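Participant: Return a 3D structure for these sequence lines:
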Amino acid sequence: MLKVAVLVGNPKPKSRTLRVATTVVEKLLAEGTYELSVIDLADHSAELFRWPSETMNELNELVATSNLVIVASPTYKATYTGLLKSFLDRYPHNGLRGVTAIPVMTGADATHSMGVDVNLRPLLVELGASVPTRGVYFIASQMDQLDALIEGWAEDNAGVLHLLQPLVDGVLARHPEKAGVFA
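Facilitator: Below you'll find the predicted structure:
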């Protein structure tokens, strides 16, 4: 069973950004094939700058040991929030190695739609995550079309993800000791 985490950096708890991120999981993966953990950083803001913090260590570990992580943020000043950045800054170099990530950003209009792939994607890659698909940029005024728009994104990107299986098979044929990495 896949371990999936949704990591949301919206300062507002239970935000529309959270809803978009969980919808990405629902539209991309078949029900019953994954275990979902949701980290709404708004619920942990008091702990974010505590060093050491057992709570933050546990949350960082949960994300780093997931197979798939949906990393979501509203657009603030043309990029992701400081809340999300502060959480991700807790990782060492390659701290997300072995994790597949999908960046998601929400915004008021399409003005900053490139931000998801220009700003958030490189941060995730820098941390060692694999980011095989285009990011999701969702315009908040389209919440009434959420399911259809995310379903369209999932259909467009499922083909890219499907292409990864032969790659995994080839790696395992050459390096069978890595089988646990893909489990």
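Participant: which helix is the longest one in the protein?
Facilitator: helix 146-162 (DSSP state H).
Participant: And the contacts of that one?
Facilitator: Arg19, Val20, Thr23, Val24, Lys27, Leu28, Pro132, Thr133, Arg134, Val136, Phe138, Gln142 (Cβ atoms under 8 Å, 6 or more residues apart in numbering). Placement of C-beta: from N, CA and C, glycine included.
Participant: try 7 Å
Facilitator: Residues from elsewhere that reach helix 146-162 (Cβ atoms under 7 Å, 6 or more residues apart in numbering): Val20, Thr23, Val24, Lys27, Leu28, Pro132, Thr133, Arg134, Val136, Phe138, Gln142.
Participant: now the strands: where do they sit in this structure?
Facilitator: With DSSP state E as the criterion, the chain has strands at 2-8, 34-40, 68-74, 100-107, 136-139.
Participant: Could you list the paired strands of the second one along with their orientation?
Facilitator: The sheet places strand 34-40 alongside strand 2-8 (parallel), with pairing taken from DSSP bridges.
Participant: ok, and what's touching the partner strand?
Facilitator: Outside strand 2-8, the residues touching it (Cβ under 7 Å, 6+ apart) are 15, 17-18, 21-22, 25, 29, 33-41, 62-63, 65-72.
Participant: Turn the buried ones among those into a named PyMOL selection, would you?
Facilitator: Buried residues among the contacts of strand 2-8 (16 or more other Cβ atoms under 10 Å), as a PyMOL selection:
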select buried, resi 15+17+18+21+22+25+29+34+36+39+40+41+63+66+67+68+69+70+71+72
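Participant: follow-up on the earlier one: could I get the strands of the chain as a markdown table with distance to Tyr80 and mean pLDDT?
Facilitator: Written out in a markdown table, the entries for those read as follows (distance: least, Cβ to Cβ, whole Å; pLDDT from 0 to 100):
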| stretch | distance to Tyr80 | mean pLDDT |
| --- | --- | --- |
| strand 2-8 | 11 | 95 |
| strand 34-40 | 15 | 96 |
| strand 68-74 | 4 | 96 |
| strand 100-107 | 7 | 95 |
| strand 136-139 | 12 | 95 |
